[in-house]
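Enquirer: here is a sequence with its predicted model. Questions after.
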Amino acid sequence: MRLTRFTDLALRVLMRLAVEDTDLPTTREVAATMKVPYTHTAKVVARLQHLGLVEARRGRGGGLALTGAGRAASVGTVVRELEGVGDVVDCDGAAPCPLRSACLLRGALRRAQEAFFAALDPLTVNDLVAAPTGPLLLGISSGPPGRGGGPAD
């Protein structure tokens with residue numbers, strides 16, 4: 001199984017927000033910390049907001065915050081939601097596979113995909129930022145001192 005870049009970035013955004021305890025970073029600041037384009041980060045943040053995992057506050061003192069649901073969210077559930085639970089291979093696509101009526105591979109791949117998700121189910125976003133990850137994230141996410149709270153972007 002391979003995660004899309006979107007899901008990878010979403011997990012990193014959740015992790016980044018999970019270690020923040022005082023200042024609320026803006027979407028632009030999170031993008032800079034993760035070294036990814038702002039536009040990609042904004043799309044990810046919008047999706048995470050829609051899922052109720054992230055809250056964006058506008059105005060002075062605004063920024064992004066992880067919700068209680070985001071902190072306690074199962075990584076497996078988040079990945080399922082972002083990746084979807086479609087088949088690993090497209091047997092019925094534009095050029096349908098001639099083996100699809102008697103193929104054992106499709107079922108095996110489906111079970112492997114579920115095992116992948118199941119391995120992530122017991123982990124929460126909070127678990128992902130335990131040492132040594134959390135302290136490292138805090139080190140790379142330190143913004144300029146005296147930042148005034150800007151808009152959530």
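Expert: Nice, thanks for sending it over.

Enquirer: lowest average confidence, helix or strand, in the chain?
Expert: For the chain, using mean pLDDT, DSSP states H and E, the weakest element among its helices and strands is helix 133-140, scoring a mean of 81.

Enquirer: give the other helices and strands that that helix contacts.
Expert: Judged by 3 or more CB pairs under 8 Å, 6 or more residues apart in numbering; DSSP states H and E, helix 133-140 is in contact with helix 5-18. For glycine as for every other residue, the C-beta is placed from the backbone atoms N, C-alpha and C.

Enquirer: next one: the helix it packs on to chain centre, how far?
Expert: Helix 5-18 sits 4 Å away from the centroid of its parent chain (CA atoms, centre = their mean, to the nearest Å).

Enquirer: what angle do it and helix 133-140 make?
Expert: Counting by axes from the mean of the first three to the mean of the last three CA atoms, to 10 degrees, helix 5-18 lies at 90 degrees to helix 133-140.

Enquirer: buried stuff in helix 5-18?
Expert: Applying a neighbour-count criterion of 16 or more other CB atoms under 10 Å, one finds 7-18 buried in helix 5-18.

Enquirer: if anything else comes up later, I'll come back, but that's it for now.
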